[in-house]
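Engineer: Need a 3D model of the sequence below.
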Amino acid sequence: MKRVSLTAWILIALVAGVAFGAIAPGPAKELAILGTIFLRLIKSIIAPLLFGTLVVGIAGTGNVKTMGRIGGKAILYFEIVTTVALFVGLGAVNLAKPGVGVHLTKGTGAGVAAQSANFAQILEHTFPTSVIDAMAKGEVLQIVVFAFIFGAACATTGLQARPVVEFCESLAEVMFRYTGYVMLFAPFGVFGAMAATIGDKGLGVMVNLGQLVATLYAAQIFFVVVVLGSVATVCKIPIKRFIQYVREPFLLAFSTASSESALPIALKNMERFGVPKHIVAFVLPTGYSFNLDGSTLYLSLAAMFVAQAAGIEVPFKTQIAMLLTLMLTSKGVAGVPRASLVILAGTLATFGLPVEGVAVILGVDTLMDMARTSVNLLGNCLATAVVARWEGVDLVASAAEADAAAAALEAA
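Structural biologist: Alright, predicted model coming up:
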């Protein structure tokens, strides 16, 4: 018999969790611990894996100018695509008008304080005072900055840095194996998280504010198929093979609503897809802070939804100003809990829209978070492939070589 894949087990667990939560909501609430354990295990992977892979990737090039060029291309790509995502969200909400006729009431749950960081604060927060502190707090961007400078130092030091680079290479390989062990627990974690969510909120959460959720999902699907599909076609990315390698991390990000849960396997799969290690190690984690396609699309859509629900007419010029604000404030906040809601609350307050609307959106935020998180992950995986093509990498040939090397390693 053909062995059931991990992806299939995760999908089975997702459906089973929804069913169990609906049938036995009381016991289902207690299963939240399974999802919590899984996410804690995943978070234990992020810092050492990022540090090891990024240092090896940068030091392996032996050329700091190369990494600077790759970084510039990545940032340019991030800015273009996230701007398009903002306009897609704005277009969807103006076309569907999900907030018109919706009578919002203040939520009973804890609201989100209106706060926003200015550019200087975001820039300052990018640089770590201590890499140990950054690792402990899960500050992905700070880890990336430290590892980039550390890897550049290793690349220019020469033979004396070789033991350090070899240690980082071994660390990365061990963490990939560690990830494999943790992923065996993924179906249980997904089952527990979904069962607890449905058990706590009921199946009503699946239809509450359905028009808003449907509009978001339709916009995200449009963005993935039309925008990301066009990018993949223009850049000559082998789409069928790309889907094969992003399917598992995409499903994991969707079912857990956590980008962190999918990062380790995404790093490994994109390398197997044929993207060079130094590009994957730099572009993918950097994108977690600068290339949040799903989140930026959601922000423009949600802000206008609140305006529509409150009966406030927002002129087109103001909508553009709102987009520019979101474009700046959504950067570098990936590690903030409920970051999208925090940024949304700050934007609403800035433009005189009722912040109370955030409390209502909280009721269906879990469903929307699943969509925006998985699209964030998909967009970042595609970004690594696009940058690789800009660097002249033949992904078809590279993928074949990567598969052959993986098969040889498995056979050994």
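
Engineer: all contacts plus neighbour counts: C-alpha atoms, from now on.
Structural biologist: Will do.

Engineer: show me where pLDDT drops low in the stretch 301-412 of the chain?
Structural biologist: Applying pLDDT under 70 to the stretch 301-412 of the chain flags residues 328-343, 346, 356, 359-360, 362-366, 397-412.

Engineer: got the residue ranges for the strands in it?
Structural biologist: Taking DSSP state E, counting those that start in this stretch, the stretch 301-412 of the chain contains no strands at all.

Engineer: so where do the helices sit in it?
Structural biologist: Using DSSP state H, counting those that start in this stretch, the helices found in the stretch 301-412 of the chain span residues 316-329, 339-350, 356-361, 365-390, 395-411.

Engineer: tell me the contacts of residue 20?
Structural biologist: 28, 195, 199 (CA atoms under 8 Å, 6 or more residues apart in numbering).

Engineer: name the element the second one belongs to?
Structural biologist: Element membership for residue 195 (DSSP states H and E) is helix 186-201.

Engineer: again with the first one
Structural biologist: Residue 28 is part of helix 25-30 when elements are defined by DSSP H and E.

Engineer: can you give me the mean pLDDT across that helix?
Structural biologist: Mean per-residue pLDDT for helix 25-30: 88.

Engineer: Residue 300 versus residue 315, what's the distance?
Structural biologist: Counting by CA to CA, to the nearest Å, the separation of residue 315 from residue 300 is 14 Å.

Engineer: between these two, which one's more packed in?
Structural biologist: residue 300 (27 against 9; other CA atoms under 10 Å).

Engineer: which SSE is that one in?
Structural biologist: Using DSSP H and E, residue 300 falls in helix 293-309.

Engineer: list the helices and strands the helix holding residue 28 packs on?
Structural biologist: Secondary-structure packing of helix 25-30 (3 or more CA pairs under 8 Å, 6 or more residues apart in numbering; DSSP states H and E): helix 6-23, helix 186-201.

Engineer: any idea which of the ones you listed is most buried?
Structural biologist: helix 186-201 (a mean of 26; mean count of other CA atoms under 10 Å).

Engineer: which residues sit in contact with residue 387?
Structural biologist: Here residue 387 is in contact with 70, 73, 74, 279 (CA under 8 Å, 6+ apart).

Engineer: Now do it against residue 100, distance only.
Structural biologist: Distance of residue 387 to residue 100, computed by CA to CA: 41 Å.

Engineer: mind checking the end-to-end distance for stretch 178-192?
Structural biologist: Stretch 178-192 has its terminal residues 22 Å apart, counting by CA to CA.

Engineer: Report the contact partners of the residue nearest to residue 198 when sequence neighbours are not counted.
Structural biologist: Among residues not flanking residue 198 along the chain, residue 21 sits closest, at 4.8 Å (CA to CA, 6 or more residues apart in numbering). By CA under 8 Å, 6+ apart, the contact set of residue 21 is 28, 29, 194, 195, 196, 197, 198, 199, 200, 202.

Engineer: Could you identify the longest helix within this protein?
Structural biologist: helix 64-96 (DSSP state H).

Engineer: circling back to that earlier point, drop anything exposed from the contacts of residue 387.
Structural biologist: 70, 73, 74, 279 (16 or more other CA atoms under 10 Å).

Engineer: Check these and tell me the two furthest apart.
Structural biologist: Across these, the longest distance by CA to CA is 11.0 Å; it joins 73 and 279.

Engineer: Pass me the low-pLDDT residue ranges in the stretch 151-300 of the chain, would you?
Structural biologist: In the stretch 151-300 of the chain, residues with pLDDT under 70: 201, 203-209, 289.

Engineer: How far away from the center of its chain is the helix holding residue 28?
Structural biologist: Offset of helix 25-30 from its chain centre (CA atoms, centre = their mean, to the nearest Å): 28 Å.

Engineer: Going forward, the N-terminal residue is numbered 59.
Structural biologist: OK, 59 is where the count begins now, so the last one is helix 83-88.

Engineer: Tell me the helix or strand right after it.
Structural biologist: Defined by DSSP H and E, the subsequent element after helix 83-88 is helix 90-119.

Engineer: can you pull the buried residues of that next one?
Structural biologist: Buried residues in helix 90-119, defined by neighbour count with 16+ other CA under 10 Å: 90, 92-93, 95-97, 99-101, 103-119.

Engineer: go on, stretch 281-299?
Structural biologist: So for stretch 281-299, counting by 16+ other CA under 10 Å, buried means 281, 282, 285, 286, 287, 289, 290, 295.

Engineer: go on, stretch 375-385?
Structural biologist: For stretch 375-385, the neighbour count (16+ other CA under 10 Å) marks 377, 380, 381, 384, 385 as buried.

Engineer: backbone phi and psi for residue 452, please?
Structural biologist: Per-residue torsions, residue 452: phi -90, psi 100 (degrees, to the nearest 10).

Engineer: can you tell me which of the contacts of residue 445 lies nearest to residue 191?
Structural biologist: Taking CA to CA as the measure, residue 191 lies nearest residue 337 of the contacts of residue 445, at 25.7 Å.

Engineer: check contacts around that closest one.
Structural biologist: 115, 128, 442, 445, 446.

Engineer: if we can go back for a sec, pLDDT on the longest helix of the chain, on average?
Structural biologist: 85.

Engineer: Specify the angle between it and helix 374-387 in degrees.
Structural biologist: 140 degrees (axes from the mean of the first three to the mean of the last three CA atoms, to 10 degrees).

Engineer: and helix 122-154, how far out from the chain's middle?
Structural biologist: Helix 122-154 sits 14 Å away from the centroid of its parent chain (CA atoms, centre = their mean).

Engineer: same deal with stretch 105-119?
Structural biologist: 20 Å.

Engineer: Using PDB, list the CA coordinates for that stretch.
Structural biologist: This file holds the C-alpha atoms of stretch 105-119, laid out as PDB (Å, rounded to 0.1, in the frame of the first residue of the first chain):
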ATOM      1  CA  ALA A 105      16.100  30.800  15.800                       C
ATOM      2  CA  PRO A 106      18.800  28.100  15.400                       C
ATOM      3  CA  LEU A 107      17.500  27.100  11.900                       C
ATOM      4  CA  LEU A 108      17.500  30.600  10.600                       C
ATOM      5  CA  PHE A 109      20.900  31.400  12.100                       C
ATOM      6  CA  GLY A 110      22.500  28.300  10.700                       C
ATOM      7  CA  THR A 111      21.000  28.400   7.200                       C
ATOM      8  CA  LEU A 112      21.600  32.100   6.700                       C
ATOM      9  CA  VAL A 113      25.200  32.200   7.900                       C
ATOM     10  CA  VAL A 114      26.000  29.200   5.700                       C
ATOM     11  CA  GLY A 115      24.200  30.700   2.700                       C
ATOM     12  CA  ILE A 116      26.000  34.000   3.000                       C
ATOM     13  CA  ALA A 117      29.400  32.600   3.900                       C
ATOM     14  CA  GLY A 118      29.000  30.100   1.100                       C
ATOM     15  CA  THR A 119      28.800  32.700  -1.600                       C
END
